[in-house]
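Visitor: What shape does this take:
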Amino acid sequence: MQEYPPPPQKSSDLLPVDYMIDYGFPMSIAAEAIKQGKAAHMRIYEAALRYGLEGLLLTATSLIDHMRIVGIALSPAQAQRVLTDPMLFEFIDRPHNGKRGRPKKHYRMRSSKSVAKALGYSDWGAERDAPWLRPEDLSSARRYKLAIFGRIIEVRYEDSRQTQMRHWGFSKQTLIRWTQITCLIWPQIERRRSDNRRYSWYGDENDAQLFLQDVATAMQKKPHKYWLEVVNHAGEIRKLPCSTELARKWLAKGMVTLCEQKPNLYGVRAEYCNAIRADNLWM
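Guide: Numbering: from 1, shown residues only. The predicted structure is shown next:
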């Protein structure tokens, strides 16, 4: 089985005491922001929420300084773009202090309920039981997307790929790529051998015919999820298309196995799980 290693996590310093790791938006609101293409700005807003910047007057410079304290690097252009996002921040004033140069613009975070309402959740806002996100999870839009995706997979692990596509609105290829990064994947395959005892209940002469009926039924269902495995004269296992003609040919030479691809089992990697041990938070 191919291994899909996660992207390397940056080592961070001790978290400041003011950073609330479990305070922010519920997963549904965070996921909605991602679906609407607002992850790049929302992750900074989430970091500001968790660092307690609500109610403060902010400039691009002060926002950069606050984010640096929690280990999130922002360029002046990034900070300015976030602050001028009307969904997340509101312009307050441009004070004149008598000095030369362009006066700094002051902004204030909009309330979390206002942001949630803009995303379609009228009665929700930030809460104390939000997903546990460390600054590493908020250090880039990609990490923020993967962090929320992994935590949703953790609680909705039985969702099919089609259900995921309807929920996220992303392509199948994108969801497969995210799953490979955030999860350990165990393929599940059901195998039925032609020499199984179930094919001998009606007499040995009917063994091959009963097995061929199962192969024909598999061809009518979802042939792309079925295949045959045989052992050639060199003792190697060969994978063949699901076909009654091929099955009949190889049954004359020996045992044939009908294989069916079942839904994979997924286990979310520790760095993308919400269940973080409290004694590891400050390591």
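Visitor: ok, residues contacting stretch 186-199?
Guide: By CB atoms under 8 Å, 6 or more residues apart in numbering, the residues outside stretch 186-199 that reach it are 1, 206-208, 210-211, 214, 229, 247, 251, 255-267. Just so you know, the C-beta spots here come from the backbone N, C-alpha and C atoms, and that holds for glycine as well.
Visitor: which of the residues you listed are buried?
Guide: 207-208, 210-211, 214, 229, 247, 251, 256-260, 266 (16 or more other CB atoms under 10 Å).
Visitor: Take those residues and keep only those in helices.
Guide: Within the buried ones among the contacts of stretch 186-199, residues falling in helices by DSSP state H are 207-208, 210-211, 214, 247, 251.
Visitor: Next, format those as CSV and append distance to Ala147 and pLDDT.
Guide: Converted to CSV, these look like this (distance: CB to CB, whole Å; pLDDT from 0 to 100):
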residue, distance to Ala147, pLDDT
Asp207, 53, 65
Ala208, 53, 78
Leu210, 51, 86
Phe211, 48, 88
Asp214, 44, 90
Ala247, 47, 92
Leu251, 51, 89
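Visitor: how distant is the helix-or-strand element of the chain with minimal mean pLDDT from the center of its chain?
Guide: One helix or strand of the chain scores below all others by mean pLDDT, DSSP states H and E: helix 207-221, with a mean of 86. Relative to its parent chain, helix 207-221 has a centroid offset of 38 Å by CA atoms, centre = their mean, to the nearest Å.
Visitor: pull the CA atoms of it into PDB?
Guide: Extracted in PDB, the C-alpha atoms of helix 207-221 (Å, rounded to 0.1, in the frame of the first residue of the first chain):
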ATOM      1  CA  ASP A 207     -18.600 -25.700  -8.700                       C
ATOM      2  CA  ALA A 208     -17.300 -24.000 -11.800                       C
ATOM      3  CA  GLN A 209     -20.800 -23.000 -13.000                       C
ATOM      4  CA  LEU A 210     -21.800 -21.400  -9.600                       C
ATOM      5  CA  PHE A 211     -18.600 -19.500  -9.500                       C
ATOM      6  CA  LEU A 212     -19.100 -18.300 -13.100                       C
ATOM      7  CA  GLN A 213     -22.600 -17.100 -12.100                       C
ATOM      8  CA  ASP A 214     -21.000 -14.900  -9.400                       C
ATOM      9  CA  VAL A 215     -18.500 -13.500 -11.900                       C
ATOM     10  CA  ALA A 216     -21.400 -12.700 -14.300                       C
ATOM     11  CA  THR A 217     -23.400 -11.000 -11.600                       C
ATOM     12  CA  ALA A 218     -20.300  -8.900 -10.700                       C
ATOM     13  CA  MET A 219     -20.000  -7.800 -14.300                       C
ATOM     14  CA  GLN A 220     -23.600  -6.600 -14.300                       C
ATOM     15  CA  LYS A 221     -23.100  -4.600 -11.100                       C
END
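Visitor: Run a quick neighbour tally on Ser111.
Guide: Using other CB atoms under 10 Å, Ser111 has 14 other residues around it.
Visitor: which residues sit in contact with the closest residue to it other than its chain neighbours?
Guide: Excluding its sequence neighbours, the residue lying closest to Ser111 (CB to CB, 6 or more residues apart in numbering) is Gly125, at 6.8 Å. Applying CB under 8 Å, 6+ apart, we find Gly125 in contact with 25, 111-113, 115-116.
Visitor: okay, which residue is most central for the protein?
Guide: Centroid check for the chain by CA atoms, centre = their mean gives Phe149 as the closest residue, at 2.8 Å.
Visitor: How about residues contacting the strand or helix carrying it?
Guide: For Phe149, the host element (DSSP states H and E) is helix 141-155. With contact meaning CB under 8 Å, 6+ apart, helix 141-155 is reached by 7, 27, 30-31, 34, 39-40, 42-43, 46, 131, 133, 136-138, 159, 168, 178-179, 181-183, 266, 268-269, 271-275.
Visitor: let's see 6 Å
Guide: 27, 30-31, 34, 39-40, 43, 131, 133, 137-138, 178, 182, 268, 272-274 (CB atoms under 6 Å, 6 or more residues apart in numbering).
Visitor: Buried residues of the following helix or strand past that helix, list them for me.
Guide: Next helix or strand after helix 141-155 toward the C-terminus (DSSP H and E): helix 161-168. Using 16+ other CB under 10 Å as the test for burial, helix 161-168 gives 164, 168.
Visitor: Alright, I will stop here.
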